[in-house]
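Student: here's my sequence, what's the structure:
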Amino acid sequence: MTRCQRKRLKVQPSYGYQHPDCKMSPPAAVTAHVKTVLQFDLQLTNWYPKDQVRVCGESGDMFKRVLVEIEKWEMARAPNEVSFSFETRTPAYDGTQLTGFKYHSTNPDKPLRLQLGQSQLPPALETALCHMCKGEKAVFVVPAQQMRSSSSSSADSTAGQQQSCSNGQQQEGGVSVPDPPGKAVQVELCVQLHDLVQVRDMTGDGQVLKKRIREGTGEFPVDCPLHDTRIRCHYRVRQLTHPTKPGPWVLDTTQQGDLGVCSLPDRDNSHTEPSVNSVDPSTSSSGNVTSSDDASWPNPGVEGIEGIIEVDTGCGELPEGLEMCLKLMVPNEVASVVCQPKYAYQDLSNTPSGINPAQPVEFQCILLGFEREGYWQHMSWEERWSLAENIKEKGKQLYQQKKYGYASNRYTHLLRLIESTRDFEEQEQIDKADAYKATLLSNLALVTYHQEEFARCVGWCDKALQEDPGNAKVMFRKGKALSMKGDYDEAEEALTAAADMDSSIAADVKAALAANKLLAKAATSKQKQQFSNFFGKS
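Tutor: You can find the predicted model right below:
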């Protein structure tokens, strides 16, 4: 049909209101006749090109047309904080958008601000915001029912709500939006998203919440230190004894002297002492390390401070929740991180003075930069082997510090890089890659053995033996893991095979075989006792 064209149609019931894809309810006068042939009188009053309109919402009953387009990809979503203004209209008779009856609006100069996902908005308005980028302006056509409140208010109440919202005011517990006119089927929403503050639930259960305070430079996620690397940062921390009354900032790395590396122990019982001294709240009458508010921290010129914190991520040098968020930041971004005890200082031995490790804390942090690993496939072979050696050496250091989980992460990361290599040009490159792979598999077997994950250890041993079938140490380790796993016969075979491969470990094998027999004997005795008790009761 063309614009303003009029047609009459005869429609069979199966293609009318009874069609399975039909989402419209029949008018009251037609309800009794939906099973008969219906005659429709249609007129196309207006239309917009398909490249200007797209479908939104899970049910596909919302339509969006962009008025002010923005070249950004990050859309609002719960639990982000948004600042926005909007107006609501009933569709115009001639189909021209934004010319119908306007029954509500807010002041663009005084935008509303709230957090998405808190049931503070009508469903259609929140869905519309979740399909917008910062700075974008768009008009949405939405079902009127999704703009109605759960219970209709009185006329006086509605008038009061309309007056307060038209002045840009936000009501406690949400935004007051009057219901559409009673006969309205659809509503036009004209929404402008002025600001978007990124809030991320890092763990999915509210244990770690990251809120962006200041945008950085670069694009997410390509300019984030996603992989374990060395980062440069600053942070401060305070107790959250009460959601509305946080404690004073008790540690601020921007106000320390020569900091060096702020090294915090992980949860593998390491006893490395920190090189940053906590600030005693008693040193200040207010108890605050800095008097600056959230928006002004850190002070200008922080990038030039000599004591910038440099840490290796993936090594347990920072509280887990803080590190988790730093890895999703771009350079010069400032963020607030609220951590529950599990992801903050619980079980850490060097909690700052003034912090109770059993209570939640808030960090504010800035990422100043990081060492970019580079894209493996784009590196020269010399650069690849240099990077591989650095990662392997870091894994070795973590193993020696008994940080087995972190060591395993480094070895696994390097193994993935080696296995992703396909552009070999010489046999020497293939041999070197195979040697790295065999070493990494052996090291992974070693760390999982110390983690007492004996089934995984056996699996790594089998993979290592595929690369290097004559490796006696790996076979010996497999035998010990099988013994601890309870597979005593297989353990004896593996240990015997290890002695045949390398006679220099015969003494170690002899001791391991003896221990294996003792374990087997103890297991058999325990099993007999269990059967004896079972039949005795019966």
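Student: shouldn't residue 7 be within a strand?
Tutor: Yes - under DSSP: H, G, I helix; E, B strand; the rest coil, residue 7 falls within a strand.
Student: what about it, how many residues nearby?
Tutor: Residues near residue 7, counting by other Cβ atoms under 10 Å, number 10. Using the backbone N, CA and C atoms, a C-beta is placed for each residue, glycine as well.
Student: try the one 10 residues further on
Tutor: Burial measure for residue 17: 18 neighbouring residues, criterion other Cβ under 10 Å.
Student: make 43 the first number, not 1, from now on.
Tutor: Renumbered: residue one is now 43, and that last one reads residue 59.
Student: surely it touches residue 69?
Tutor: No - using Cβ atoms under 8 Å as the test, residue 59 is too far from residue 69 to be in contact (9.5 Å).
Student: run through the residues that contact residue 141.
Tutor: The contact partners of residue 141, taken as Cβ atoms under 8 Å, 6 or more residues apart in numbering, are 131, 134.
Student: need the contact partners of stretch 272-280.
Tutor: For stretch 272-280, contacts defined as Cβ under 8 Å, 6+ apart pick out 267, 288-296, 331-332, 339-340, 344, 347, 350-355, 364, 368, 394, 397, 403-413.
Student: one more time with 7 Å, if that's ok
Tutor: Stretch 272-280 is touched from outside by 267, 288-296, 331, 340, 344, 350-355, 364, 368, 394, 397, 403-413, with contacts defined as Cβ atoms under 7 Å, 6 or more residues apart in numbering.
Student: how about exporting that stretch as PDB, limited to the C-alpha atoms?
Tutor: Provided in PDB are the C-alpha atoms of stretch 272-280 (Å, rounded to 0.1, in the frame of the first residue of the first chain):
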ATOM      1  CA  ARG A 272      51.900  -6.000  34.900                       C
ATOM      2  CA  ILE A 273      49.600  -3.000  35.600                       C
ATOM      3  CA  ARG A 274      50.200   0.500  37.000                       C
ATOM      4  CA  CYS A 275      47.500   1.900  39.300                       C
ATOM      5  CA  HIS A 276      46.500   3.700  42.400                       C
ATOM      6  CA  TYR A 277      43.800   3.000  44.900                       C
ATOM      7  CA  ARG A 278      42.300   3.900  48.300                       C
ATOM      8  CA  VAL A 279      40.000   1.900  50.600                       C
ATOM      9  CA  ARG A 280      37.500   2.400  53.300                       C
END
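Student: how many residues are close by the residue lying closest to residue 561 once chain neighbours are set aside?
Tutor: Spatial nearest neighbour of residue 561, excluding adjacent residues (Cβ to Cβ, 6 or more residues apart in numbering): residue 525 at 6.0 Å. Using other Cβ under 10 Å, residue 525 has 24 other residues around it.
Student: Three-state assignment for residue 114, please.
Tutor: Strictly by three-state DSSP, residue 114 counts as coil.
Student: would you check that it makes contact with residue 174?
Tutor: No - using Cβ atoms under 7 Å, residue 114 makes no contact with residue 174, being 10.0 Å away.
Student: now the helices for this protein?
Tutor: In the chain, the helices defined using DSSP state H lie at 165-171, 197-208, 362-368, 423-442, 446-461, 469-492, 496-509, 514-527, 530-543, 548-579.
Student: which parts of the longest one are buried?
Tutor: Which is helix 548-579. Under the neighbour-count criterion of 16 or more other Cβ atoms under 10 Å, helix 548-579 has 550, 551, 554, 555, 558, 562 buried.
Student: any chance of those in a markdown table, plus distance to residue 516 and pLDDT?
Tutor: As requested, the buried residues of helix 548-579 are exported to a markdown table (distance: Cβ to Cβ, whole Å; pLDDT from 0 to 100):
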| residue | distance to residue 516 | pLDDT |
| --- | --- | --- |
| 550 | 13 | 96 |
| 551 | 13 | 96 |
| 554 | 14 | 97 |
| 555 | 17 | 97 |
| 558 | 17 | 96 |
| 562 | 22 | 95 |
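Student: pick the one among those residues closest to residue 514.
Tutor: residue 551 (9.0 Å; Cβ to Cβ).
Student: for the closest one, which non-adjacent residue is spatially closest?
Tutor: What sits nearest to residue 551 in space, not counting adjacent residues and going by Cβ to Cβ, 6+ apart, is residue 541, at 4.2 Å.
Student: contacting residues around the spatially most central residue of the chain?
Tutor: With distances taken as Cα atoms, centre = their mean, residue 244 lies nearest the centre of the chain, 4.2 Å away. For residue 244, the contact set (Cβ under 7 Å, 6+ apart) comprises 250, 252, 366, 367.
Student: ok, 10 Å please
Tutor: Shown in contact with residue 244 (Cβ atoms under 10 Å, 6 or more residues apart in numbering): 250-252, 362-363, 366-367, 369-370, 379-381, 385.
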